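# Structure for this input, please:
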Amino acid sequence: MNTSIDPARLAQLPTRRQALSLLGVGAVGAGMAPRLALGQGDEKVLTEALVLRDADIPVAGNPDGDVTIVEYFDYNCPYCRKIAPELRQVVQDDGKVRLVLKDWPILGEVSVIASRMALACKYQDKFIQAHEALIGVNSKLTEPRIRELLAGAGIDVDRATRDLATNAKAIDAIIARNNDQAVAFDFKGTPSFIVGKFRVPGGLTMAQFDQAIADARKAAANK
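Numbers count the residues shown, from 1 in each chain. A predicted model of the protein is given here:
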């Protein structure tokens, strides 16, 4: 996969340009990606506010950072697990990156369970701890293993279960919103990213993340 960010490679497909323009995007990361599957209502799905600054999703990294990275991930995705520590290091080293972690559970029922439980942990201000516990394992998750990992991260699992029951509609709405965005961006799997206003349908190395962040800052400065 070509992971360079080159404005000259912007596709000449009107529907794709239309969708990306909703975020003010002037270029596309990771080479020539397929065009977006736009449909009625996508204009509401791909707003900058919902993609970059969804108020219902806790922010990792620097909440006041000048560049936002959005990751669409699945807790049972081995590639998401592999890239997680590298992405965390990039965000930490840079110091000015907002990281928005968007659950996109596409690998089965257990992935959905993991996402719903992690999002329920935000009601005790421990979504980031839940995320790191679930993304940091090397084996396939099961429902008992999810509960064990959350408990090991210092999370009140019984409370999370109650919070999930109480807030199920809101939690499911977040996951549905994330899915609608990923589909509209024509992402084919996890992990997929938005870096600033660049679309990156696939993982990057630490050096490539650094370059994407620098390109995002440059694009913002040249607006």
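# Go through the host helix or strand of R81 and flag the buried ones.
Assessed by DSSP states H and E, R81 sits inside helix 78-94. Buried residues in helix 78-94, counted by 16 or more other Cβ atoms under 10 Å: C80, R81, I83, A84, L87, R88, V90, V91, D94. Where you see a C-beta, it was placed from the backbone N, CA and C, and this is true even at glycine.
# Now the residue of the chain most remote from its centre. Its backbone dihedrals?
Ranked by distance from the centre of the chain (Cα atoms, centre = their mean), the top residue is D158, with 26.6 Å. For D158, the backbone dihedrals (degrees, to the nearest 10) come out as phi -60, psi -40.
# any idea how far I113 is from it?
16 Å (Cβ to Cβ, to the nearest Å).
# Likewise for A55?
Taking Cβ to Cβ, one finds A55 at 24 Å from I113.
# out of those two, which sits in the busier spot?
Using other Cβ atoms under 10 Å as the criterion, A55 and I113 rank with I113 on top: 18 against 8.
# so which helix or strand takes in the residue most central in space within the chain?
Nearest to the mean C-alpha position of the chain, by Cα atoms, centre = their mean, lies E71 at 2.1 Å. Under the criterion of DSSP H and E, E71 resides in strand 67-73.
# what are the pairing partners of that strand, and which direction each?
strand 97-103 (parallel), strand 192-195 (antiparallel) (DSSP bridges).
# Could you name the helices and strands sitting against the helix or strand just after the first one?
In this case it means strand 97-103. Downstream of strand 97-103, the next assigned helix or strand under DSSP H and E is helix 109-120. Identification of packing neighbours for helix 109-120 by 3 or more Cβ pairs under 8 Å, 6 or more residues apart in numbering; DSSP states H and E yields strand 97-103, helix 127-135, helix 143-152, helix 157-166, helix 168-184.
# okay, the angle between the shortest one and helix 168-184?
Angle between the axes of strand 97-103 and helix 168-184 is 100 degrees (criterion: axes from the mean of the first three to the mean of the last three Cα atoms, to 10 degrees).
# repeat for the fourth one
Angle between the axes of helix 157-166 and helix 168-184 is 80 degrees (criterion: the same axes, to 10 degrees).
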